[in-house]
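**Q** I'd like to go over a predicted model; first the sequence, then the structure.
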Amino acid sequence: MDKIFSEKGYEDMLAKLFVRFPSFQKNGASAYKPGIGNMEFFDQLAGHPHRQYRIIHVAGTNGKGSVSNMLASVLASQGLTVGLYTSPHILDFRERIRTVSCSLEGSADTFSLIPKEYVWDFIHKWQETFDHLDMSFFEITTSLAFSWFADSKVDVVVLETGLGGRLDSTNIVSPVLSIITNIGLDHCDMLGETLPEIAFEKAGIIKPLVPVVVGESHPETDPVFERKVLYTNLPEPSFMGSRTAVMSLLTFADKVAPELWNRSEDILNKMDLRGGYQRKNLRTVLAALGVWNEIDGKAQTDHEAIADALIHTAMRTGFRGRWEKICDEPYMICDIGHNEHGLRYNFSQLSCMIDSGEFTDLIMVYGSVADKDVDAVLHLMPENATCVFTQAHGKRALAAENVRGRYLAFCTETGRKTDDVHCCGTVVEAVELAFRHAASLKEADVNARPLIYVGGSTYVVSEAVAALND
């Protein structure tokens, strides 16, 4: 392979990376390689770059990306250079690895994607090692992020886990703060069949003497986190065997009133992250910032700067695909929520937008992957919506006809109408059909205000956004 950078060479290299070391998002369980042995070995070869900065480690079933981006935006507004590692990406692989920093004027944050040349050089430098260790796509990407953040001399990194926590590639780090957003039934074939089993995997990021913020308490999962914190820290002599002192490391965000929570309604109403589920994520972030201030030893008193950073999170960090407004005419929203736990909030918000009179008609472009509990999601879909079922490219995608058939069966059982249930073989065709239907509604009634929602799968959203960009 030519080692001189070129755009074509870079694109070819990425294509081979996705094929040779498949990503979980594209290939599902077959690409999942639990365990951190490879990461620990490669990290030693690379010189432990992640030890050059502080790390906030974020896990959870839903909300990891939103929480990570909000935190990055706020920390950057306080004058820190922040590394931000998230997944998946929407359009550009480099969206996974960003830095966020304050502008020279101090009035806004700017984000930068990892340079293509850096990706090129890193992959070429370590290609033989990757082959020898048979490293996964996510292991390579995580190692790449650790290296670039060190070379960029960031002050702190907000590091999102890929899947689970205990055996996740990111779990070789020693963070200064751990965050677990929530626990829901997702990836049950790999993480466990029950909430406590999944919580145990997520709790694997909890480390000795490291404070932990859990976003949502639950009677089934709270004891898991409490035991993990207790067993991880009781041998530490600094706690003198005090259970009370140990448990002070654990904060449940929904059981405290963090600073600025009294302004939450105003912040939420102005935020560019518009999903109703952001209420819980905002509380998690504010609770985490309170703990961060204790760790950092510098209480942040500029509440206006913090609020502004939260309000403009998506703009400041380049965050995509979370209740993102794509266009106004017709009004179109994309969201990568893909499991029952997350889509329950999305579908409820869509129903409220129709019931309130904000919009008159709902058109849903929906596609799923085969390893999700599709029936549980379909049963949550708003009634009287026009449904366009589709499928993204890739072998994980569930056939659109399959999804449509399941939904029609549900409609027959429950007496829902079925005359507005459609099927398209590609996302592009599905979006085009949704636009045509929205136009026909406007032609029939000039006062019609149709709402198009695209979701169910990250790759459905990605292909829809790419098509509209083109």
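**A** In hand now; what should we look at? Residues are numbered from 1 along each chain as shown.

**Q** what sits against residue 166?
**A** By CB atoms under 8 Å, 6 or more residues apart in numbering, the contact list for residue 166 reads 200, 201, 202, 203, 204, 205. Glycine gets a C-beta too; all of them are placed from N, C-alpha and C.

**Q** the residue nearest to residue 256 when sequence neighbours are not counted - how many residues pack around it?
**A** Nearest residue to residue 256 in three dimensions, chain neighbours excluded: residue 287, at 5.8 Å (CB to CB, 6 or more residues apart in numbering). The local packing of residue 287 (other CB atoms under 10 Å) involves 24 other residues.

**Q** next, the buried residues of the helix or strand where residue 287 lies.
**A** Taking DSSP states H and E as the definition, one finds residue 287 inside helix 278-296. Neighbour counts over helix 278-296 (16 or more other CB atoms under 10 Å) mark 278, 280-292, 296 as buried.

**Q** so for it, mean pLDDT?
**A** Mean per-residue pLDDT for helix 278-296: 94.

**Q** what is the orientation angle of the next helix or strand after that helix with helix 278-296?
**A** As assigned by DSSP H and E, the chain's next helix or strand after helix 278-296 is helix 303-311. Orientation of helix 303-311 against helix 278-296 (axes from the mean of the first three to the mean of the last three CA atoms, to 10 degrees) gives an angle of 130 degrees.

**Q** what's the distance between helix 303-311 and the middle of its chain?
**A** Offset of helix 303-311 from its chain centre (CA atoms, centre = their mean, to the nearest Å): 21 Å.

**Q** on that earlier part again, tell me the most packed of the contacts of residue 166, by neighbour count.
**A** Highest neighbour count within these, by other CB under 10 Å: residue 202, with 28 neighbours.

**Q** could I get the pLDDT score of it?
**A** The model reports residue 202 with a pLDDT of 94.

**Q** residues contacting it?
**A** Residues in contact with residue 202 (CB under 8 Å, 6+ apart) are 59, 60, 61, 161, 164, 165, 166, 180, 183.

**Q** list the buried ones in stretch 270-278?
**A** Residues of stretch 270-278 classed as buried: 271, 272, 273, 274, 275, 277, 278 (neighbour count, 16+ other CB under 10 Å).

**Q** which of these sits closest to residue 353?
**A** Here the nearest of the buried residues of stretch 270-278 to residue 353, counting by CB to CB, is residue 274; it sits at 10.5 Å.

**Q** ok, back up a step: among the buried residues of stretch 270-278, which pair sits farthest apart?
**A** Largest separation among those by CB to CB: 272 and 277, giving 14.6 Å.

**Q** ok, which stretches of this protein are strands?
**A** According to DSSP state E, the chain carries its strands in the segments 54-59, 82-85, 97-102, 109-113, 156-160, 177-180, 212-214, 250-252, 324-327, 331-335, 361-366, 386-389, 421-423, 450-455.

**Q** reformat those strands as JSON lines; add mean neighbour count.
**A** Below are these laid out as JSON lines (neighbours: other CB atoms under 10 Å):
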{"stretch": "strand 54-59", "mean neighbour count": "26"}
{"stretch": "strand 82-85", "mean neighbour count": "28"}
{"stretch": "strand 97-102", "mean neighbour count": "24"}
{"stretch": "strand 109-113", "mean neighbour count": "18"}
{"stretch": "strand 156-160", "mean neighbour count": "26"}
{"stretch": "strand 177-180", "mean neighbour count": "28"}
{"stretch": "strand 212-214", "mean neighbour count": "28"}
{"stretch": "strand 250-252", "mean neighbour count": "19"}
{"stretch": "strand 324-327", "mean neighbour count": "15"}
{"stretch": "strand 331-335", "mean neighbour count": "22"}
{"stretch": "strand 361-366", "mean neighbour count": "24"}
{"stretch": "strand 386-389", "mean neighbour count": "24"}
{"stretch": "strand 421-423", "mean neighbour count": "19"}
{"stretch": "strand 450-455", "mean neighbour count": "25"}
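
**Q** done for today, thanks.
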